[in-house]
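Engineer: quick one: sequence plus predicted model below, questions after.
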Amino acid sequence: GENVEQHPSTLSVQEGDSAVIKCTYSDSASNYFPWYKQELGKRPQLIIDIRSNVGEKKDQRIAVTLNKTAKHFSLHITETQPEDSAVYFCAASRDSGYALNFGKGTSLLVTP
Amino acid sequence: NAGVMQNPRHLVRRRGQEARLRCSPMKGHSHVYWYRQLPEEGLKFMVYLQKENIIDESGMPKERFSAEFPKEGPSILRIQQVVRGDSAAYFCASSPVRAFSGANVLTFGAGSRLTVL
């Protein structure tokens, strides 16, 4: 099955700096790569996703890049704010009929 | 749209008892997924169901755990003879029929936190 590795497990940045979280996956047939944000005690929420026919996608301060050859994808958050502090999970899956497999998460702390 | 509804939000059981967790998917969603989250750990896939059908249960322990998604009513994750190691947050997620989108965008419920004494 799919195996998703995520690094780093914890990340501390100062407000205004950028944060980068990286993930690798094992199943070359995977073609959907979402990122979820989970605040303490809350549910995971989708923040951005990318499909295998796209190399990069951006939504305001958040961007995701995908390298299918190397089987890795990354989340980039620019101009970080304290409210960005949360646990971020990457995930990967094939198309219809397969469940999402998640990385172990990155705990991001943005200090003022 | 009420979103994905899970209940109970908190459940306390003694060792050996049974735990039943319920999940009602978002309106229009016909796929349900259960994930387990242990403290300081990620979301571990357990089971993926459609109405009256288990699609993938590769992440679910073979013993004591079962899941169903009947034609009528919510999906239920059942844990028999609970042990302390079952203490975790159990999240349900749902997605729509992916006839055209080609991707399983999951919407999560608020989770059910099981504590086994």
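Structural biologist: It's in. Numbers count the residues shown, from 1 in each chain, chains lettered A, B, ... in the order given.

Engineer: what residues of stretch A:19-33 count as buried?
Structural biologist: Applying a neighbour-count criterion of 16 or more other C-beta atoms under 10 Å in any protein chain shown, one finds A:Ala19, A:Val20, A:Ile21, A:Lys22, A:Cys23, A:Thr24, A:Tyr25, A:Asp27, A:Ser30, A:Asn31, A:Tyr32, A:Phe33 buried in stretch A:19-33. (Each C-beta comes from the backbone N, C-alpha and C, glycine too.)

Engineer: then stretch A:2-18?
Structural biologist: Buried residues in stretch A:2-18, counted by 16+ other C-beta under 10 Å: A:Glu2, A:Val4, A:Gln6, A:Leu11, A:Val13.

Engineer: out of the residues you listed, flag the one nearest to A:Ser107.
Structural biologist: When the buried residues of stretch A:2-18 are ranked by distance to A:Ser107 (C-beta to C-beta), A:Leu11 comes first, at 7.2 Å.

Engineer: for the closest one, give its distance to B:Gln37.
Structural biologist: Note on A:Leu11: its distance to B:Gln37, by C-beta to C-beta, to the nearest Å, is 19 Å.

Engineer: related to what we said a few turns ago, just send the buried residues of stretch A:2-18 back as CSV, with distance to A:Glu83, secondary structure and pLDDT too.
Structural biologist: Output for the buried residues of stretch A:2-18, formatted as CSV (distance: C-beta to C-beta, whole Å; DSSP: H, G, I helix; E, B strand; the rest coil; pLDDT from 0 to 100):
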residue, distance to A:Glu83, secondary structure, pLDDT
A:Glu2, 31, coil, 82
A:Val4, 26, strand, 95
A:Gln6, 21, strand, 96
A:Leu11, 15, strand, 98
A:Val13, 13, strand, 97
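
Engineer: widest-spaced pair of the residues you listed?
Structural biologist: A:Glu2 and A:Val13 (29.0 Å).

Engineer: just to revisit the earlier point, between the buried residues of stretch A:2-18, which is nearest chain B?
Structural biologist: Of all the buried residues of stretch A:2-18, chain B sits closest to A:Gln6, with 7.7 Å by C-beta to the nearest C-beta.

Engineer: run through the bridge partners of the residue nearest the centre of chain B.
Structural biologist: What sits nearest the mean C-alpha location of chain B, by C-alpha atoms, centre = their mean, is B:Trp34, with 3.1 Å. Following DSSP bridges, B:Trp34 is listed with bridge partners B:Val47, B:Cys92.

Engineer: contacts only, for it.
Structural biologist: Contact partners of B:Trp34, counting by C-beta atoms under 8 Å, 6 or more residues apart in numbering or on different chains, are B:Cys23, B:Met46, B:Val47, B:Tyr48, B:Met60, B:Ala67, B:Ser75, B:Leu77, B:Tyr90, B:Phe91, B:Cys92, B:Ala93.

Engineer: isn't A:Pro8 right up against A:Ile21?
Structural biologist: Yes - in this structure, A:Pro8 sits in contact with A:Ile21. The criterion is C-beta atoms under 8 Å, and the distance is 7.4 Å.

Engineer: near chain B, anything from whichever helix or strand A:Lys57 is part of?
Structural biologist: Following DSSP states H and E, one finds A:Lys57 within strand A:56-59. No - Strand A:56-59 stays out of contact with chain B when judged by C-beta under 8 Å from any C-beta of the partner chain, the minimum separation being 12.9 Å.

Engineer: list the helices and strands whichever helix or strand comes after that strand packs on?
Structural biologist: On the C-terminal side of strand A:56-59, the closest following helix or strand by DSSP H and E is strand A:62-67. Packed against strand A:62-67, as judged by 3 or more C-beta pairs under 8 Å, 6 or more residues apart in numbering or on different chains; DSSP states H and E, are the following elements: strand A:32-38, strand A:45-51, strand A:56-59, strand A:72-77.
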